[in-house]
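Chemist: structure, please.
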Amino acid sequence: MKLRSISFAAAILATATALAGCGTINDGTTHPAATGSTKEVKKILFDYPFTALPVYAAVVKHAQEEAAKQHVTLELTNDNMDLTQQVTNLTTYLNKDLDAVVSFPADAASLENLSRQYINSGKYWVSYANSMSTQSALLGLSAHQSGLALGEHAGKWITDNLGGTGKVLIVSDTTMRFSSERTQGMVDGLKASAPNAVIVSQQAGVTPQQGLSVTTSVLSQYPDLNVVLTTAGDAAQGAYQALTTAGRDPKDPRTYVGGLDGNAYGLQRMQEGAFFRAQVTLSAADIGKAIVDIPISLGKGDTNAGIEVPITLLSADTPDLAKYISEFSG
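Modeler: Okay, the predicted model is just below:
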C-alpha cells in the first residue's frame, strides 16, 4: 500500500506522552488557535487517508453519531491512500468555513506547513496518532504498547502450545514512526515471552488483500508456518484467509493469527473458536467520540484537550466480545 512513493502503515504514533495540548508553534510566536482562547466549534474536518481499510467505516460511524449529539457538522476528506491527494484536500479546506481539523498525517513532515497555516488562520489542528511539531492537540494511540501486548500474547501461546519454537510471519509497515513502534513492540513482546520462536519473514501489508498476498507467498516457502502477526487487524483478516485457503483447518490447534486494531471479520472468527486468536485494539466508539470532543474542548479553552485512547486485548475469552464485533461492523 503506497501513498505515491510513501508506504502506509496500519490504520492508526503512539504517543506515550499525551502531547495533547502543545499550544504554541515552535517559531517563537503565539497563534489564535494555540493560546487557549475560546471559540465555538461547529464544523470539524476528519482527514484520514486509510479510507480503504474496514476500520475507517467503523470509526466514521461513531464520529458521525457523536457529531449529531453535539450538533456539530463533520466533514470527511477522500485522500484515496494518496499523500499528494491528502495535501491537496487539506489545502482546499484551509480556505473553507471550518473550525477544526482532525488529521492522520501520513507524512508528518509534509504537513507541518499546512498545520501551521491552519492554526495561523484560527483553526484547531488535532493530530491523529502521528504527533507533529505544530498542533493544537493530539489524539494519541499507544503504538509500542499495542504491539508489545500482542507479541507477548502470541509468545505465551507459542510457549504453551508449540514448546516455544514456532515459525512467525510479521506483516507490517515500517515507513512511519507509528507503524515502526507497533512493529518493534510486537518483536519485543515475542522475544520476551518466546525467545526461541523464529521470525521467518517480515513484509509490508495493511489491507486484507495485502495480508492475503503476503501470507500466501510466505506459505509457499514455509508451509509449516505457525504464527502470523500484523500491525493492522485488516491485514490479519487476509492472513487468516490465506491459511484456510491453503487447507489449514480453521480450528487448527497449532496456528495463531493476531493483529492490531479491530476487525469485525477476525472478531467473528475468534468468537467461533477459530485460530484468529487475538486483536489488540482501541474502541472505535472511543475514537469516534474523541474526534468530535477534542476540538470542542479546545474551543472551550482547554489546552490539555488531547487524550491517549486506552488499548484492549481481545480474545475468545473476552466477555464483551460481541460488543466489539458490533462496534467494528461499520
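
Chemist: is Leu83 in contact with Ala109, as I believe?
Modeler: No - Leu83 is beyond contact range of Ala109, at 11.0 Å (criterion: CB atoms under 8 Å). (C-beta placed from N, C-alpha, C; glycine too.)

Chemist: the more surrounded of the two?
Modeler: Neighbour totals were compared for Leu83 and Ala109, and Leu83 leads with 20 against 9 (other CB atoms under 10 Å).

Chemist: I'd guess Val200 is in a strand, am I close?
Modeler: Yes - counting by DSSP: H, G, I helix; E, B strand; the rest coil, Val200 falls inside a strand.

Chemist: ok, how many other residues are close to it?
Modeler: 17.

Chemist: which elements pack onto the biggest helix by length in the chain?
Modeler: Using DSSP state H, we find that the single longest helix of the chain is helix 143-162. If you count contacts as 3 or more CB pairs under 8 Å, 6 or more residues apart in numbering; DSSP states H and E, helix 143-162 packs onto helix 177-193, strand 227-230, strand 256-260, strand 276-281, strand 312-314.

Chemist: could you chop the protein up by domain?
Modeler: Following automatic domain parsing, the chain resolves into domains at 2-142+283-310, 143-282+318-323.

Chemist: and among those, the most buried is which?
Modeler: For the domains of the chain, the largest average neighbour count (mean count of other CB atoms under 10 Å) is found in domain 143-282+318-323, namely a mean of 22.

Chemist: where does the stretch 1-150 of the chain have low pLDDT?
Modeler: Counting by pLDDT under 70, the stretch 1-150 of the chain contains low-confidence ranges at 1-37.

Chemist: mind doing that once more with 90?
Modeler: Scanning the stretch 1-150 of the chain with the threshold set as pLDDT under 90 gives 1-39, 49-58, 79-83, 105-110, 129-131, 140-144.

Chemist: all helices of this protein, in order?
Modeler: 54-69, 83-94, 108-120, 143-162, 177-193, 208-221, 233-245, 264-271, 284-299, 321-327.

Chemist: report the inter-axis angle for the fifth one versus helix 108-120.
Modeler: Counting by axes from the mean of the first three to the mean of the last three CA atoms, to 10 degrees, helix 177-193 points 130 degrees away from the direction of helix 108-120.

Chemist: list of residues touching helix 177-193?
Modeler: 9-10, 12-14, 129-130, 141, 143-156, 158-159, 168, 170, 172-174, 197, 199, 202, 229, 231, 260 (CB atoms under 8 Å, 6 or more residues apart in numbering).

Chemist: before we move on, back to that, any idea which of the domains of the chain gets closest to Ser329?
Modeler: Taking CB to CB, domain 143-282+318-323 is the member of the domains of the chain nearest to Ser329, at 4.7 Å.

Chemist: tell me the contacts of the residue nearest to Gly258 when sequence neighbours are not counted?
Modeler: Using CB to CB, 6 or more residues apart in numbering and skipping residues adjacent in sequence, the residue nearest Gly258 is Ala278, 3.9 Å away. Ala278 sits next to Leu150, His153, Ala154, Tyr256, Gly258, Gly259, Met270, Leu313, Leu314, Ser315 when contact means CB under 8 Å, 6+ apart.

Chemist: in this structure Leu169 contacts Asp224, no?
Modeler: No - assessed by CB under 8 Å, Leu169 is found out of contact with Asp224, at 11.6 Å.

Chemist: what sits closest to Phe104 if chain neighbours are left out?
Modeler: Once flanking residues are discounted, Phe104 sits nearest to Tyr128: 4.2 Å by CB to CB, 6+ apart.

Chemist: so what's the one you found up against?
Modeler: Tyr128 neighbours (CB under 8 Å, 6+ apart): Ile12, Tyr48, Val102, Ser103, Phe104, Pro105, Leu139, Ile291.

Chemist: state the distance from it to Val102.
Modeler: 5 Å (CB to CB, to the nearest Å).

Chemist: what sits in contact with each of those two?
Modeler: Leu139, Ile291.

Chemist: isn't Asp293 up against Glu66?
Modeler: Yes - in terms of CB under 8 Å, Asp293 counts as a neighbour of Glu66; the distance is 7.0 Å.

Chemist: overlap in contacts, these two.
Modeler: If you check Asp293 and Glu66 against CB under 8 Å, 6+ apart, no residue is contacted by both.

Chemist: what mean pLDDT does stretch 162-182 have?
Modeler: Stretch 162-182 shows a mean pLDDT of 87.

Chemist: residues contacting the residue nearest to Gln209 when sequence neighbours are not counted?
Modeler: Distances taken as CB to CB, 6+ apart place Gly238 nearest to Gln209, at 6.1 Å, with adjacent residues excluded. Residues in contact with Gly238 (CB under 8 Å, 6+ apart) are Gly205, Thr207, Pro208, Gln209, Gln210, Gly211, Leu212, Ser213, Val214, Thr215.

Chemist: my read: the first one touches Ser217, true?
Modeler: No - using CB under 8 Å, Gly205 and Ser217 do not qualify as a contacting pair, with a distance of 10.2 Å.

Chemist: so what's Asp325 up against?
Modeler: Not Asp; residue 325 is Ile. Ala264, Leu267, Gln268, Gln271.

Chemist: pLDDT for those residues - can I get that in JSON lines?
Modeler: Below are the contacts of Ile325 laid out as JSON lines (pLDDT from 0 to 100):
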{"residue": "Ala264", "pLDDT": "90"}
{"residue": "Leu267", "pLDDT": "94"}
{"residue": "Gln268", "pLDDT": "96"}
{"residue": "Gln271", "pLDDT": "94"}
